[in-house]
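A.B. asks: Test case, fold it:
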Amino acid sequence: MNAINGAAELLLVANNPKYSETGGGHGAKGVDFPRWWAVFRMMELEKANEPDFLLLFESVQDVAELDSAIAPTRAKVYQVKKKDSGTWTWSVLTGTVAPKAPTAKPKKSTKVAASPAKAPTFEKVPDSALGKLHLSLSAFSSMPVEGIFLSNAGCDFPLASGGSAATTMPCSLADLAPDHAQLLADAFASLSPPGSAPPNLTRVKLQKVAIHPDNLTAPAISAALELLNERSPEHASQAKAFVDSLMMQLSPLTRRTDTCLSYSDLVKERGFSRKAFLEALAALETVPDRLALLDIWLKQLQAEGLDFRTITSVRLEAAHAQRDRLIGGTDLSREIDTFCDDWIADHPWTSNLRPFVEAALAALKVKFSELRDNDLMARFVMRAITKCVDQN
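C.D. replies: The predicted structure is shown next:
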């Protein structure tokens, strides 16, 4: 299709509030879930070496993924929903009543006249998750688009091949048991004018993602660590800082709902492109490598008389502390960081490094006596290095 027409059609659909998802339910975690998934998704797209991509937020459903920020030719439209427990049920996602499972035929002696089956009703379909996805896809007449319902929980839908979509994902709606697929086809058809083409169930998919609602950051940090180890190993220790910076840039994009006059305005107001992602990645190159700075500090401490065995132990403990920070840290590590920050603010730096570090260690031992000296020293040195970097 014509790329210009693709951008124009996308703008037209995005400016229609009927097709956007705003606010989100389930409180703060429900709002954050699509954002953290989007950070994770960018890592996936970059690792797949996609030549370009653009994620649009709350423009067409929760997230729309385009193959180009300038001239899109295809799109994926996502409903991204978290669930604290259990699986998604048929009625919640479709707005219809699930077909009844066939029952065994009664014996002749107890045979009763079968009551006529009630015709299904579809008044709740437009407001259901899958109904909204179908309507969004139907709004595109030229650009190839597919819809994905994505969640941390599975969908309790029977499959034609046997089993359940709850444990066999991703799958398309066309993969469902015939009676369920037919009911959905009829339900979606009820949303279109008479004479419209039959709904294409193959372009609506169910997908599960391993992101726990109580630990939204871990998959994105893990994906960032893998990408940085591949692209910029010297900055792998900054994986958490990298995803935090991406999250800060994404958050305002999910709160803008004004009508955009052009596609470029839409991209600017609600989009995050591969170009922006690569700029954030390149920004890491300007940040000093903390482990390289650690090597300089330890050499200075050794020159000032700290023994080799202690130097070696501190180096190992510092590596452990960095790994801890990569996965978000713990309450204890954050408490130690705060203590170190306060101590550094209250004590002037000395001309020699060793007296400064040993004075801090003495204070830390009083507060955190359960930890080993070399562990405390490593944590203090790494925090002091961080404060130095942040001040420059």
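
A.B. asks: Over to Val145: give its phi and psi.
C.D. replies: Dihedral angles of Val145 (phi, psi; degrees, to the nearest 10) stand at phi -140, psi 140.

A.B. asks: how close does Ala282 get to Val243?
C.D. replies: For Ala282, the distance to Val243 equals 16 Å [C-beta to C-beta, to the nearest Å]. Where you see a C-beta, it was placed from the backbone N, CA and C, and this is true even at glycine.

A.B. asks: out of those two, which sits in the more crowded spot?
C.D. replies: More neighbours surround Val243 than the other of Ala282 and Val243, with 25 against 10 (other C-beta atoms under 10 Å).

A.B. asks: Which strand or helix spans that one?
C.D. replies: Counting by DSSP states H and E, the element that carries Val243 is helix 239-250.

A.B. asks: next one: Ile336
C.D. replies: Ile336 is part of helix 331-346 when elements are defined by DSSP H and E.

A.B. asks: Which other helices and strands does that helix contact?
C.D. replies: helix 308-326, helix 353-367, helix 373-391 (3 or more C-beta pairs under 8 Å, 6 or more residues apart in numbering; DSSP states H and E).

A.B. asks: Centre of the chain to the helix holding Val243, how far?
C.D. replies: Mean-position distance between helix 239-250 and its chain equals 11 Å (C-alpha atoms, centre = their mean, to the nearest Å).

A.B. asks: immediately after it, which helix or strand?
C.D. replies: With DSSP H and E, the next secondary element past helix 239-250 is helix 263-270.

A.B. asks: Quick check: next helix or strand after that next one?
C.D. replies: strand 271-273.

A.B. asks: returning to what we had before: list the buried residues for the helix holding Ile336?
C.D. replies: Across helix 331-346, burial judged by 16 or more other C-beta atoms under 10 Å covers 336-337, 339-340, 343-344.

A.B. asks: Kindly reformat those residues as CSV containing pLDDT and distance to Gln249.
C.D. replies: Listed next are those as CSV, based on pLDDT from 0 to 100; distance: C-beta to C-beta, whole Å:
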residue, pLDDT, distance to Gln249
Ile336, 94, 29
Asp337, 91, 24
Phe339, 95, 31
Cys340, 94, 28
Trp343, 95, 33
Ile344, 93, 29
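
A.B. asks: possible to save the residues you listed as JSON lines with distance to Ala210?
C.D. replies: Compiled in JSON lines, the buried residues of helix 331-346 are given as follows (distance: C-beta to C-beta, whole Å):
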{"residue": "Ile336", "distance to Ala210": "30"}
{"residue": "Asp337", "distance to Ala210": "29"}
{"residue": "Phe339", "distance to Ala210": "35"}
{"residue": "Cys340", "distance to Ala210": "34"}
{"residue": "Trp343", "distance to Ala210": "39"}
{"residue": "Ile344", "distance to Ala210": "39"}
